[in-house]
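Chemist: Here's my sequence, what's the structure:
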Amino acid sequence: MEIHPDVQKRIRKVLDTQKIAVLGTSKNDEPYSCLVAFAISNDFKELVFATMRQRLKYQNILANPRVTLIIDDRDASYSDFNDTTSITMIGTARDITGENREKYASSLLERHPALIDFVSSPECALICVTVDKIYIVSEFESVIKIQK
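Modeler: This is a model prediction of the structure:
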């Protein structure tokens, strides 16, 4: 994905200040959304989060690895409609296992050190989303689309 430097700065400003994303998954045409703590690569191509394997989000990802994540910088005030920037990322999720797991776990734990026990659990899956589309919405209706 080729991203203009000014757009990169806008994305980075939101992602650096927000630590929680809304994850959207689906299975059998039944959508589901939940909150996840995330870390993202510097080039915005990979986003990682952790979940227990028995959770609905994990089961949905196994059935349909296409996911969406939204991260925004709203502060719950009335002016948010015009002042909020939201980043929607669409991609394909996979469970990271084997020798790569440590790399992704380190990235997530650097941003969220309180998750050490959670991530260290044998029941915990590290999910990496390979991002192929990004939508940036600001000023209520201004939309920029970036894709591979």
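Chemist: In this protein, where's the longest helix?
Modeler: Longest helix of the chain, by residue count under DSSP state H: helix 5-17.
Chemist: after that helix, next one along is what?
Modeler: strand 20-27 (DSSP states H and E).
Chemist: for the following helix or strand past that next one, which positions count as buried?
Modeler: As assigned by DSSP H and E, the chain's next helix or strand after strand 20-27 is strand 30-40. By neighbour count on 16 or more other C-beta atoms under 10 Å, the buried set for strand 30-40 is Val36, Ala37, Phe38, Ala39, Ile40. Backbone N, C-alpha and C define where each C-beta goes, glycine included.
Chemist: neighbouring contacts of the longest helix of the chain?
Modeler: With C-beta atoms under 8 Å, 6 or more residues apart in numbering as the test, helix 5-17 has contacts from 3, 40, 44, 71-73, 85-87, 134, 136, 138, 144, 146.
Chemist: Now, the residues you listed that are in helices?
Modeler: Per DSSP H, the subset of these in helices is empty.
Chemist: Could I have the ChimeraX command that selects the buried members from those residues?
Modeler: The buried residues among these can be selected in ChimeraX (16+ other C-beta under 10 Å) with this line:
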select :3,40,44,71,72,73,85,86,87,134,136,138,146
